[in-house]
Structure formats: C-alpha cells, structure tokens
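**Student:** Here is a sequence with its predicted model. Questions after.
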Amino acid sequence: MPENNRLNRIVLKAEIANFLHDKSCQLALNGGPQAKGSQGAAEEVAVQLLPLFSGQDKKLINDYIDEKIPYLVFEGLIHTNMDRSPITIPDKLAFPTLQELETDIEILKLASQQQIILALLNETTFAYDKENVGNIIRIVANFYGGGTEKLQNEDPDTSSHSGKAIVPHTEDPYYSAIKVVDGHSPSPSTLVLTARWNPLYETTKVISIERALTLLSLEEIIALTTNSFDFRPAKTAGEGKSLGGKQVPILELNKDGKLNMNFNPERFSVNPSASAFIKDTYIKFNHITEKLAFDAVDLQPSRMIVINNKISLHSRDIVKDNRRTLVRIFGYRKGTEYNMVSQDPLIVKS
C-alpha cells in the first residue's frame, strides 16, 4: 500500500475497474498503444468511462488536468491476467527477457490501460524517435545489473533498465519542458507507471517541485530560469543515441505563468560562463532535492500512478528484487508543441 495517506488517489469502483479491464484487453489484442488507431480507440473508451466516476473523483481528474496536483494514483484496477486467472510471479531463474516482455500480451494490456487513463486526462500517448528506439512502451526492470541481487552478467548503466538507485529527476529530453528548441521536442507532459510484478512492494517516490522551490529565494528561483545549465548525453547500454545540450534553463514559465522544470542531477551541470551566484544556487537546489521527504507508492497491477513530469520529481531506491517490473508510457497535454515524426502512433523527434 502507499506509504503516505496524503496521496492524491482515486479508488476505482468495481464497475469502472471491470470496464477498464475489458476495454484494455480489447486494445491489447489489437496490438496495444503501438498499433495504428489505438489513440482514437482509447479516447472513445475515455468518453464512456468519465461519467462512471463520482463527483469527487471527477474533481481530482480535473485538478490533474488543470495542474493543481502533481500526480494522481489510481487504485482498484483488476488484479488478474487477461483471462481472469491469478497473476503469478516468475521464478528468479526463469525471468523473461526484455524482448519477451515487450511483446507480452499482459504488458500490452497494462499499457493499454495506461493509454485509456491518459486519454481520460486529455493527453495523447507518444514516444520519442530515439529514446527507447521509438517504442511507446518502456519496460522498467533490472536487466543490466546494479541492484541488491547480482545478475550473472553484471553491466549496470544509469538507465531504467538497471537496478541502481535513480536520483530525483524529470524525464528527458532536457532542451525544454514546454517548447521545441532547435528541432528537439519538449520533455513529456506526463509519465504513467504501473507494475507487472513488484514482489517486495518497492516504492516509486514522487514530490511536487513546489516543495523544493519554497526553500529558495525569489532571486534563486530566477537564477534557475536562466540559460546557465548544460546536460550530458544519456549513458545507456542499449541506446546511446541521446545528445547533450548547452545553456538551457532548469525552470521555464509556460503561457499560463506556471513554472515548469527539466532537471536531472546526474546529467546537469552549471555552464562555465555562469555567475558565482548561479553556481551556488545550483548547489543549494541539488542539496534540497536530496533531503526532501518524497511521497512513496508501491506500484502493483492494481495500482497506477500518473505523474506530471513538468511539476514533479520522481526517484527510486536500489532495486532489491530483480523481478520488479514496471510498465511506463508518456503523454503530451493537448496543445503541446512538438516536432512530429509520425502521427499514428505519435512519434516525435527527441
């Protein structure tokens, strides 16, 4: 169960959970979010789904859409396989490969469920052309090593395919949180995570950037909005196509005057030309994000979290059980500017 009772959460009624399960199974059998037409199908389901929610739940949905809350947890999803059989956890010595999981029908069902929820929140599912090699679905599990339990062939990197702890961050690309810069699309508006398996109830941690910014002065916040920061390319074992960037901001004001963030302390640094005050501010901000108390959610097939990537930081501790397997997809809010590569499914230039 979630460790923090303050979590923004919707507990699904059985009617909603069953409807969502049945519809996501249909989408999975048609190929899941990567299939042509899946976005339109998910939007049709979302239209049918919304009236089933209570007034309080609709308020939480609208609060997320209006960016009044940084994340939203959905609980009470059907905790079975597609055929309603019990979910069994694989043996550690017979765990599926990444390639097997990427085409697994149960993974497609969970991702389809996520796509419907994103549509309910007025967001479009998408992928980047290079990050995750254009795949809508990202499997987050320890395939490379670095977790508490050692793999036979340890080769850990800093990606989500490693079991190493992941520091508080937003998802890349880091050129901008809100607009296209030099042809690069902005970072995701939203990421959705749920679990295929999570035997030890290991948590995903999340916090609003507002909690960090309240510990900075106005001058320090302004310093983070300047083009004074660089980021290095991602060091991933299987991709290696990520580019770095120079002189980007950490904070940006969107058209509504709200601060949005792009940040990853493992990849960001201060540009050498920045002032001493900006360098000191960056060090202070890093220290703050390390010390803050995050809300924690143990994701399961029955529990999903939707995270606003622009106003939240998320992280995890070192993976203890290598069978912990999460499913992740990205969403863009309606009206987001991006550089499109293909429309259906939506793939954008990273």
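**Tutor:** Noted; the coordinates are in hand.
**Student:** drop to CA atoms for contacts and neighbour counts, all remaining ones
**Tutor:** Will do.
**Student:** What segments of the chain are helices?
**Tutor:** For the chain, the helices defined by DSSP state H occupy 14-29, 38-49, 55-65, 98-102, 105-120, 209-213, 218-224, 276-291.
**Student:** and those, which is most packed in?
**Tutor:** Mean neighbours per residue, mean count of other C-alpha atoms under 10 Å, is largest over those for helix 105-120, with a mean of 25.
**Student:** Quick one: mean pLDDT over that helix.
**Tutor:** Helix 105-120 shows a mean pLDDT of 98.
**Student:** Stretch 210-223 too?
**Tutor:** Here the average pLDDT along stretch 210-223 is 97.
**Student:** Can you tell me what sits against that stretch?
**Tutor:** By C-alpha atoms under 8 Å, 6 or more residues apart in numbering, the surrounding residues in contact with stretch 210-223 are L251, F277, I278, T281, F285, I288, T289, L292, I311.
**Student:** which one of those residues sits closest to C25?
**Tutor:** Nearest to C25 among the contacts of stretch 210-223 is I311, at 31.7 Å by C-alpha to C-alpha.
**Student:** contacting residues around that closest one?
**Tutor:** P70, S208, I209, E210, L259, N260, M261.
**Student:** Next, format these as a markdown table and append distance to F19.
**Tutor:** As requested, the contacts of I311 are exported to a markdown table (distance: C-alpha to C-alpha, whole Å):
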| residue | distance to F19 |
| --- | --- |
| P70 | 26 |
| S208 | 31 |
| I209 | 34 |
| E210 | 36 |
| L259 | 37 |
| N260 | 35 |
| M261 | 35 |
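**Student:** Give me the buried subset of those residues.
**Tutor:** P70, S208, I209, L259, N260, M261 (16 or more other C-alpha atoms under 10 Å).
**Student:** I'd say the last one and K310 touch.
**Tutor:** Yes. Using C-alpha atoms under 8 Å, M261 is in contact with K310, at 5.1 Å.
**Student:** Which neighbours do the two have in common?
**Tutor:** Here M261 and K310 share the contacting residues T170, A177, scored by C-alpha under 8 Å, 6+ apart.
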